[in-house]
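Q: Pasting the sequence and the predicted model now:
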Amino acid sequence: EAQVTQNPRYLITVTGKKLTVTCSQNMNHEYMSWYRQDPGLGLRQIYYSMNVEVTDKGDVPEGYKVSRKEKRNFPLILESPSPNQTSLYFCASSLSRQGAVRRGANVLTFGAGSRLTVL
Amino acid sequence: RKEVEQDPGPFNVPEGATVAFNCTYSNSASQSFFWYRQDCRKEPKLLMSVYSSGNEDGRFTAQLNRASQYISLLIRDSKLSDSATYLCVAITSNTGKLIFGQGTTLQVKP
């Protein structure tokens, strides 16, 4: 089944304890992205990747790191989590980069979400 | 001003009603548009792509008005299962950036 898998789905941690949220897709998609969703603020992009070894900042990258060493994986790293990073996180992927003209190629498939609480 | 704006609602409608949501975008370079549906605490899922002047899929119709820079979603014969949040999305062709609206919440009542 074509899907985006992220883990963990739920996590409670403490301030300063490094954590990684994994994201993997099995669709050979070029483009991957991380979003956070907060009440009243909607979905905001953290980082995105157009292809292997290519990553760029989104709208709210502070406090996060990413890597894209393989096409299928795009982990989100919180080196020193803080309470303002408590949020619902979504990983997403699409066949080609956003802005590509090919119809359907930039439709995003989302993972099921990771609910993170930082105490 | 937000790049993509939606009325958050909630829109409370009875079963069988027709309901319409509007979404405005501020960047005239926006080229592609989508409507995603998001159920409570779950991931957004594509409802419809809007590539040209609009398209229809069963009870759902999406329209694009480039002159006024808005897209709309019309739902006919609302079902209880249509209750969800509907996210409007615009992609800017020159940057490739994808911008989500905050979403409009629909509650369909029996």
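A: That came through fine.
Q: Wait, B:Val108 touches B:Val13, no?
A: Yes. Under the criterion of Cβ atoms under 8 Å, B:Val108 makes contact with B:Val13 at 5.7 Å. C-beta: built from backbone N, CA, C; applies to glycine.
Q: Tell me, how many residues neighbour A:Thr20?
A: Using other Cβ atoms under 10 Å in any protein chain shown, A:Thr20 is surrounded by 14 other residues.
Q: Dig out what it forms beta bridges with.
A: Beta-bridge partners for A:Thr20, by DSSP bridges, are A:Ile77.
Q: and the helix-or-strand element of chain B with minimal mean pLDDT, does that touch chain A?
A: In chain B, no helix or strand scores lower on mean pLDDT, DSSP states H and E than strand B:97-100, which sits at a mean of 82. Yes. Residues of strand B:97-100 are located near chain A by Cβ under 8 Å from any Cβ of the partner chain, namely B:Lys97, B:Leu98, B:Phe100.
Q: mind giving me TSV with those and columns for neighbour count?
A: Output for those, formatted as TSV (neighbours: other Cβ atoms under 10 Å in any protein chain shown):
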residue	neighbour count
B:Lys97	19
B:Leu98	26
B:Phe100	24
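Q: With distance to A:Asn106 as extra columns, can I get these in TSV?
A: Shown next, in TSV, are these (distance: Cβ to Cβ, whole Å):
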residue	distance to A:Asn106
B:Lys97	11
B:Leu98	8
B:Phe100	14
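Q: Packing partners of the least confident helix or strand of chain B?
A: Packing partners of strand B:97-100 (3 or more Cβ pairs under 8 Å, 6 or more residues apart in numbering or on different chains; DSSP states H and E): strand A:42-51, strand B:84-92.
Q: Could you pull out the buried residues of the first one?
A: For strand A:42-51, a neighbour-count test (16 or more other Cβ atoms under 10 Å in any protein chain shown) marks A:Gly42, A:Leu43, A:Arg44, A:Gln45, A:Ile46, A:Tyr47, A:Tyr48, A:Ser49, A:Met50 as buried.
Q: restrict those residues to those near chain B?
A: A:Gly42, A:Leu43, A:Arg44, A:Gln45.
Q: Redo those as CSV? Include pLDDT.
A: Output for those, formatted as CSV (pLDDT from 0 to 100):
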residue, pLDDT
A:Gly42, 86
A:Leu43, 91
A:Arg44, 93
A:Gln45, 92
